[in-house]
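Colleague: Return atomic coordinates for the entry below.
(2 chains)
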Amino acid sequence: MIRLHLNVDASCIPLFYSLFEKGVVLSANTGCTLRDFLCGQLRLSGDYLDQRVQTLFLDARPVDDVDKAVVRDGSTLALSAAMPGVLGATMRKGGRYAAFRKGISQPADECGICETSGRVTVKLFNMVAKEVGGRLLETGVEVDGSDLQRIADRYPGEVSRGIQKGRMDDHAITPDMAFFSTLPGKRVLLSVGIAG
Amino acid sequence: MDKILRINMSAPGGPAVKTEAPGNYAGLGGRAMTSAVVAKEVPPTCHPLGDANKLVIAPGILSGSAAAMSGRLSIGCKSPLTGGIKEANSGGQAAQVMGRLGYAAIIVEGKVPDDSQYKIFINKDGVKVESAADLKGLGNYATVDKLAAQYGKKVAFITIGQAGEMKMSAASIAVTDMEQRPTRHAGRGGVGAVMGSKGLKAIILDDDGMKMRPPADPEKFKAANKAFTEGLRKHPVTGEGLPAFGTNVLTNVVNEAGAYPTNNFRKGQFAGASNISGETQAALENKRGGEGSATHGCHRGCVIRCSGTFYDKNGNYVTKQPEYETVWAHGGNCGIDDIDMIAQLDRMDDDFGVDTIEMGATIGVAMDAGLAKFGDGKAAIKLLQEVGDGTPLGRILGNGAAVTGQVFGVERVPVVKRQSMPAYDPRAVQGMGVTYATTTMGADHTAGYAVTANLLGVGGNVNALKPEGQVELSRNLQIATAAIDSTGMCLFIAFAILDQPDTFNALVDLVGAFIGQPMTADDVTALGKSVLKNEREFNLAAGFTAKDDRLPDYFKKEALAPHNITFGVKDEELDTVFNW
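Modeller: Reported below is the predicted structural model:
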């Protein structure tokens, strides 16, 4: 895996939010509850988790109780704000329409101890990506190089104007289109900072 | 709205118009009006394209007033797609204009004796019926362009495209938006075919010189409308998610849940979902820019503004921002993850005048039959073009998924009462499956869309986690939805009034101040039940039985990945939905 750090204009940060739709991988302490993982490791506030994050999925199963669902090595976690319509209501954490999807709901789990290290895929959707994504990009996330190339292909003008400089494995690089075209097939530990 | 306009297309010497008092229909709006008229006046066993069927167009009870979000237009008839009663509703400008003109309903009766076509012009001075021979064979966009040249840019149009003229069962009726584009559709059930069968191509609504409908209690109404609007703006769904990303914000969430029907309902997750999500779509629209790109209302008075405008990479207008259901139907359901192609398909749907859900599902079935490969966007465009051209293949496709599956021998046809299912797999979201199976409309998500049921007290509160909760919840949702469909309110108000008691109270006050008498939960329940009762009785008389309230067998046999789950609600439970 290569380590890539990019310094970008603040206006460029949203370009990277699409990475969270497919999911980024984080090294984490596992065997803990969702609340412990999100508040203790991703540093979401309790209020933010309870009020803003209305829809959570753990391994594609809607979660009703963040204190009873356990994050394990290899888990995939997805976070969303409240969504519209009856489907949005149905998927809501502990919502009154949870019966509509009881066949796929995340069952309560026995909580382990936060001592196991593992890898967790985190997806962030809609407003949650905007509000939490920047912080995760700062600290570093593991992504597919092909997804970075896709961003560059989709927004060539923004990438060339907005990415000021970069370092790959401690060497300075020129983050242009040619550079992004070399990334497919590689795993990348990406961190993104705002150029000062 | 103190009058009803009847147009008899069969009258000797050409269509005849008659304006009358609402009589027994007084006080009804939207779906309550359309279903009451169809239930009372249309013989349930008539041919949907025959002269005995009627096309009923009704604004909601608040349409034409200053009430926010009150611009839905209901269109009802006996459906050529399902053979049962139909109410399809649409945004756009027409409901507000019709309300200001004072019409509680337009009822189109009979049918022309030959292949002539007409247009109807309605303004403050009255109604004129004129030949529309010059519009024959035109799509909705060309029709509207031609009409706009004659009637100006300030009027609203209700039109059909080629699919309606060809009386296809997937044909929709287009309603123009604020930019006078035919982008809003009463899509479901083939209402466009009924309009076409009457020989009616267009209705032109001109409210020049008319005022907004006044509320009974102006001060109370103004205060309630302000509180209601503020409530919508402060809620994260109606004030943030929908304006920023549109309804397509659901793609990622539904896909993550494993409930996103993919490749004609073969699996519940689509690998290309992030390429066509609301987030991706909005980012692309913002990048390309243009007026009303990612956030736009579909009619005046909309404060949520969940719509948008889709431009191509060169900045040329293509279509309105495709909705979640459209992006799913033409996207994941057909394995297509190219948002530009999906927008092109949406444009063609709107122009030919076909329901995007029905056409996407139909193309999915056609792909299953081997007419094209899943993921082949160009082939999907070609198939849809056949519909517009009216080729023999296009005539099959334009009559929907059930006909297409039958013609090509496909078992996996996702329909109930011959109407295609929308974008939620009923195996993963089984409560939605209860609604699909039992609604009077054929598979329809909006039949159980209002999430306000418990708050309104419709049917009493239920324990959502007990096993039978799905049936009770579906019943309550269907009752509440029928009531809200009658107000002309957009169903997206539901979240804000569910979460915010002050916004709910503002809505109740708004309706009460407008009609001049307080509204209670009992009133809402009674209204919703009366609508459903009319509809159920019509369907029973048309020949529907409990066997029609079922999902196709394969939903009980084929497990859906990733959860490997089948539809498990028993038939006996489905049969209790309408026990109240």
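
Colleague: In chain B, where's the longest helix?
Modeller: When chain B is parsed with DSSP state H, its longest helix is helix B:521-541.

Colleague: helices and strands around that one, which ones?
Modeller: helix B:30-41, strand B:85-90, helix B:453-456, helix B:469-484 (3 or more CB pairs under 8 Å, 6 or more residues apart in numbering or on different chains; DSSP states H and E). Just so you know, the C-beta spots here come from the backbone N, C-alpha and C atoms, and that holds for glycine as well.

Colleague: could I get the ones you listed as JSON lines with mean pLDDT, distance to residue B:522 and mean neighbour count?
Modeller: JSON lines is the format used below for the helices and strands packed on helix B:521-541 (pLDDT from 0 to 100; distance: least, CB to CB, whole Å; neighbours: other CB atoms under 10 Å in any protein chain shown):
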{"stretch": "helix B:30-41", "mean pLDDT": "97", "distance to residue B:522": "16", "mean neighbour count": "25"}
{"stretch": "strand B:85-90", "mean pLDDT": "96", "distance to residue B:522": "23", "mean neighbour count": "28"}
{"stretch": "helix B:453-456", "mean pLDDT": "46", "distance to residue B:522": "10", "mean neighbour count": "23"}
{"stretch": "helix B:469-484", "mean pLDDT": "81", "distance to residue B:522": "11", "mean neighbour count": "27"}
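
Colleague: Could you check the longest helix of chain B and say which residues are buried?
Modeller: B:523-525, B:527-536, B:538-539 (16 or more other CB atoms under 10 Å in any protein chain shown).

Colleague: now swap in stretch B:44-57 and tell me
Modeller: Neighbour count says stretch B:44-57 has B:44, B:48-49, B:51, B:53-57 buried, by 16+ other CB under 10 Å.

Colleague: Could you point out which of those residues is nearest to chain A?
Modeller: Lowest distance from chain A to these (CB to the nearest CB) belongs to residue B:57, with 25.3 Å.

Colleague: So what touches the helix or strand that comes right after the longest helix of chain B?
Modeller: Later in the chain than helix B:521-541, the nearest helix or strand by DSSP states H and E is helix B:554-557. Residues from elsewhere that reach helix B:554-557 (CB atoms under 8 Å, 6 or more residues apart in numbering or on different chains): B:411-412, B:426-427, B:433, B:566-568.

Colleague: For chain A, tell me which of those show up nearby.
Modeller: Near chain A, judged by CB under 8 Å from any CB of the partner chain, the entries from those are B:427, B:568.

Colleague: Mark which of the contacts of helix B:554-557 are buried, thanks.
Modeller: Judged by 16+ other CB under 10 Å, buried ones among the contacts of helix B:554-557: B:412, B:426-427, B:433, B:567.

Colleague: In strands, which of the residues you listed fall?
Modeller: Nothing among these maps onto strands, per DSSP state E.

Colleague: Pick out the most distant pair among the residues you listed.
Modeller: The distance between the two most remote of the buried ones among the contacts of helix B:554-557 (CB to CB) is 15.6 Å, for B:412 and B:433.

Colleague: Residue A:177: neighbour count?
Modeller: 12 (other CB atoms under 10 Å in any protein chain shown).

Colleague: Now for it: which residues touch it?
Modeller: Residue A:177 is in contact with A:152, A:156, A:159-160, counting by CB under 8 Å, 6+ apart.

Colleague: Convert the C-alpha atoms of the helix or strand of chain A with the lowest mean pLDDT to PDB, please.
Modeller: Lowest by mean pLDDT, DSSP states H and E among the helices and strands of chain A is helix A:85-91, with a mean of 85. Extracted as PDB, the C-alpha positions of helix A:85-91 are listed here (Å, rounded to 0.1, in the frame of the first residue of the first chain):
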ATOM      1  CA  GLY A  85     -40.500   8.800   2.400                       C
ATOM      2  CA  VAL A  86     -41.700   5.600   3.900                       C
ATOM      3  CA  LEU A  87     -38.500   3.900   3.000                       C
ATOM      4  CA  GLY A  88     -36.500   6.600   4.900                       C
ATOM      5  CA  ALA A  89     -38.800   6.100   7.800                       C
ATOM      6  CA  THR A  90     -38.500   2.400   7.600                       C
ATOM      7  CA  MET A  91     -34.700   2.400   7.700                       C
END
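
Colleague: mind checking the SS state of residue A:20?
Modeller: When classified by DSSP: H, G, I helix; E, B strand; the rest coil, residue A:20 comes out as helix.

Colleague: Would you confirm that it contacts residue A:129?
Modeller: Yes: the criterion here is CB atoms under 8 Å, and residue A:20 meets it with residue A:129 at 4.7 Å.

Colleague: ok, back up a step: what does the longest helix of chain B contact?
Modeller: Contact with helix B:521-541 is made by B:31-32, B:35-36, B:38-39, B:42, B:44-45, B:78, B:84-85, B:87, B:440-441, B:456-459, B:478-483, B:485-486, B:548, B:578, B:580, as judged by CB under 8 Å, 6+ apart.

Colleague: Pull the distance from it to the chain's centre.
Modeller: 19 Å (CA atoms, centre = their mean, to the nearest Å).

Colleague: again, but for stretch A:179-194
Modeller: Centroid displacement of stretch A:179-194 relative to its chain, using CA atoms, centre = their mean, is 16 Å.

Colleague: Quick one: end-to-end distance for stretch A:2-14.
Modeller: Stretch A:2-14 has an end-to-end distance of 22 Å (CA to CA, to the nearest Å).

Colleague: That one near chain B anywhere?
Modeller: Yes: applying CB under 8 Å from any CB, one finds that stretch A:2-14 is in contact with chain B at residue A:14.

Colleague: returning to that earlier point: quick one: the longest helix of chain B to helix B:30-41, angle?
Modeller: Calculated by axes from the mean of the first three to the mean of the last three CA atoms, to 10 degrees, helix B:521-541 forms an angle of 40 degrees with helix B:30-41.

Colleague: pLDDT on helix B:521-541, on average?
Modeller: The pLDDT scores in helix B:521-541 average 90.

Colleague: In helices only, show me the buried residues of stretch B:44-57.
Modeller: Among the buried residues of stretch B:44-57, no member falls in helices (DSSP H).

Colleague: Narrow those residues to those in strands?
Modeller: Members of the buried residues of stretch B:44-57 lying in strands (criterion: DSSP E): B:55-57.

Colleague: buried residues in the helix or strand harbouring residue A:148?
Modeller: According to DSSP H and E, residue A:148 maps onto helix A:145-154. Residues of helix A:145-154 classed as buried: A:145, A:147-152, A:154 (neighbour count, 16+ other CB under 10 Å).

Colleague: need the helices for the stretch 201-350 of chain B, in chain order.
Modeller: Assigned helices in the stretch 201-350 of chain B, in chain order: B:218-234, B:242-245, B:250-256, B:278-288, B:324-330, B:339-352 (criterion: DSSP state H, counting those that start in this stretch).

Colleague: And the fifth one, how far out from the chain middle?
Modeller: The gap between the average C-alpha position of helix B:324-330 and the chain average comes to 14 Å, counting by CA atoms, centre = their mean.

Colleague: residues in contact with it?
Modeller: For helix B:324-330, the surrounding residues in contact (CB under 8 Å, 6+ apart) are B:246-251, B:254, B:260-261, B:276, B:278, B:281, B:322, B:336, B:339, B:341-342, B:345-346, B:349, B:356-357, B:359-361, B:363-364, B:380, B:422-423, B:445.

Colleague: from those, which are also near chain A?
Modeller: B:247, B:249-250, B:254, B:278, B:445.

Colleague: who touches residue B:302 in this structure?
Modeller: Taking CB under 8 Å, 6+ apart as the criterion, residue B:302 is in contact with B:68-69, B:71, B:91, B:490.
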